[in-house]
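[1] sharing a model prediction with you, sequence too.
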Amino acid sequence: MFKVPSFDVPIIATPDVCVIGGGAAGVSAAVAAARLGMDVLLVEKYGFCGGAAVAGLSGTICGLHSSGERPEQIVFGFAGEFHDALKAAGGLGEPVRFGRTLFVPQDSFVWKETADRLLSSAGAKTLYHTSFLDVFSDESGTAHTVLLHCLEGVVAVQPRCVVDASGDANVIHRMRGDTSLGKDGVVQTPTMIFRMGNVKMDQVLRLDLGELHAKVEAAHNTGRYNLPRHHVYMHPMPNGREVLCNMTRITRPDGSVPLGIRSDDMSFAEVEGRAQARSYATFLKENIAGFESAYLVETGTQVGIRQSRSIVGKAKLTNDHVLAAGKAPGAASFSAWPIEDHGSGALKIIFFENQTYDIPFEALIPIKSANVLVAGRCMSADHEALASARVTAQCFGMGYAVGAACGLMLNERVHAQNLNGVDVADWMRHHGLKMAHER
Ligand SMILES: Cc1cc2nc3c(=O)[nH]c(=O)nc-3n(C[C@H](O)[C@H](O)[C@H](O)COP(=O)(O)OP(=O)(O)OC[C@H]3O[C@@H](n4cnc5c(N)ncnc54)[C@H](O)[C@@H]3O)c2cc1C
């Protein structure tokens, strides 16, 4: 062990709210808190917002629509606002059928622009190229100092409350808070998403997906390509000229799933993800009508991580609750998105039929914390429940409710453990912040 010498670090800000992570959950939390007049600092390690949706190139907004014969948009609030802003800026494609529901293709660049605009117009300050390093808290569970690594070096921020929207529960982990990892330590598999350009879109749109899956499997079995996932997704980008390919499945040679919270695993996943992307692209060019002259445009900035740490919350989104269309007063959001579990052996999808479940606000309150809340995919949830609730529209809803709850904590001096969904919903209504079911 090498003991790091102690050193002084400058305190660069004392905001009301420090949001760690600029994915869907962090952006919505920061906007909500700033709209309530709070001084908000959003910290993001990349030079843009979007997280898995943009850096991971996930490519679509899932979770906005009902599930059944005739799906329609049912989730609004901040998710609806962001959707409408993307559409107005030309950053959305037409909704695409996915089993019993729909998703909406999005443009990554317009996503970044939209987040920048909403954050700055709400008055939130964004610090890009800055990584969360550590957090210091007292015995009462109050986080008082956040250590960041920005381009100038190590700095400190002393916020009144913190939102952990890092996807990986990094803040709660560093506070020695309770977290869990997937199902007995096994998480969903990562995917390296890629885009194909110069496709003949009219031919691609006529493809039978069942036939495509069979061709992928047959091609993989020849040994000529490395195509471990056969149930692949692809859809046109909003520009109408490129196809987004969600096809790869990354596991270690021993079948284990690399973790998004280990550099060695991530390094393996990035290299393997690029190799698989190339293999799928070659397969498409050589075997699928419409791809003959296509080329691989780009992969995501990083391999897509579906799941890592989940917090232990005051409440938990359980599998039973999701399957039974459970309701929760003052829910942070609600969803009809299927349980879409990308396991190491197979992809399992359970669609719902004309039913939705609520995401309890209390699943975003880490036990023992006095002034830290979480939002997004690091929420407290069972493995399968999270395989449904983690998508973008629901992350927007969770973040917006948590950002609003920061106002309740600070203005009304409510301890995090005493927050509840009903009070947060009342507070949002009172301050004109739309909840997920409100247009
Ligand atoms: C392969 C894949 C495909 C998907 N497909 C879809 C889809 O088609 N449609 C859909 O709606 N959803 C999809 N999802 C799910 C969805 O994109 C994510 O679950 C959702 O974006 C999670 O949002 P989040 O804000 O909780 O976390 P993230 O999007 O992971 O955001 C976390 C943010 O925190 C930042 N961060 C992390 N650590 C630090 C740190 N130490 N310091 C500073 N910043 C930090 C990250 O850079 C990131 O910007 C997909 C996910 C994956 C992985």
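    On my side now, so go ahead.
[2] any part of stretch 113-129 near the ligand?
    No: judged by CB under 6 Å from any ligand atom, stretch 113-129 stays clear of the ligand, getting no closer than 9.0 Å. C-beta here means a position set from N, CA and C on the backbone, and glycine is covered the same way.
[3] got the contact list for that stretch?
    By CB atoms under 8 Å, 6 or more residues apart in numbering, the surrounding residues in contact with stretch 113-129 are 13, 15, 19, 22, 27, 30-31, 33-35, 39-50, 81-82, 85-86, 89, 91, 148, 150-151.
[4] buried ones among the residues you listed?
    Using 16 or more other CB atoms under 10 Å as the burial test, those include 13, 15, 19, 22, 27, 30-31, 33-35, 39-46, 48-50, 81-82, 85-86, 91, 148, 150 as buried.
[5] just to revisit the earlier point, out of the contacts of stretch 113-129, which touch the ligand?
    Gly22, Val43, Glu44, Lys45, Tyr46.
[6] strands - which of those land there?
    Among those, the members falling in strands (DSSP state E) are Val43.
[7] and which of the ones next to the ligand among the contacts of stretch 113-129 is nearest Asp358?
    Asp358 lies nearest to Gly22 out of these, by CB to CB, at 26.0 Å.
[8] for the stretch 201-350 of the chain, what spans make up the strands?
    233-236, 243-246, 295-299, 309-311, 333-335, 339-342, 347-350 (DSSP state E, counting those that start in this stretch).
[9] and the ligand, which of those is closest to it?
    Of all the strands of the stretch 201-350 of the chain, strand 243-246 sits nearest to the ligand, with 5.8 Å by CB to the nearest ligand atom.
[10] who touches that closest one?
    Outside strand 243-246, the residues touching it (CB under 8 Å, 6+ apart) are 57-60, 105, 191, 193-196, 199, 201, 204, 232-237, 277, 280-281, 284, 294.
[11] what helices or strands is the longest helix along the chain leaning on?
    The longest helix of the chain (DSSP state H) is helix 263-287. Packing contacts for helix 263-287, counted by 3 or more CB pairs under 8 Å, 6 or more residues apart in numbering; DSSP states H and E, involve strand 194-197, helix 209-221, strand 243-246, strand 295-299.
[12] tell me the mean pLDDT for the third one?
    Think strand 243-246. Averaged across strand 243-246, the pLDDT comes to 98.
[13] roughly how far out does that strand sit from the chain middle?
    Computed by CA atoms, centre = their mean, to the nearest Å, the chain-centroid distance of strand 243-246 equals 18 Å.
[14] mind listing what it pairs with, with the direction of each?
    When pairing is defined by DSSP bridges, strand 243-246 lines up against strand 194-197 (antiparallel), strand 233-236 (antiparallel).
[15] TSV for the ones you listed, including distance to the ligand?
    TSV is the format used below for those (distance: least, CB to the nearest ligand atom, whole Å):
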stretch	distance to the ligand
strand 194-197	11
strand 233-236	8
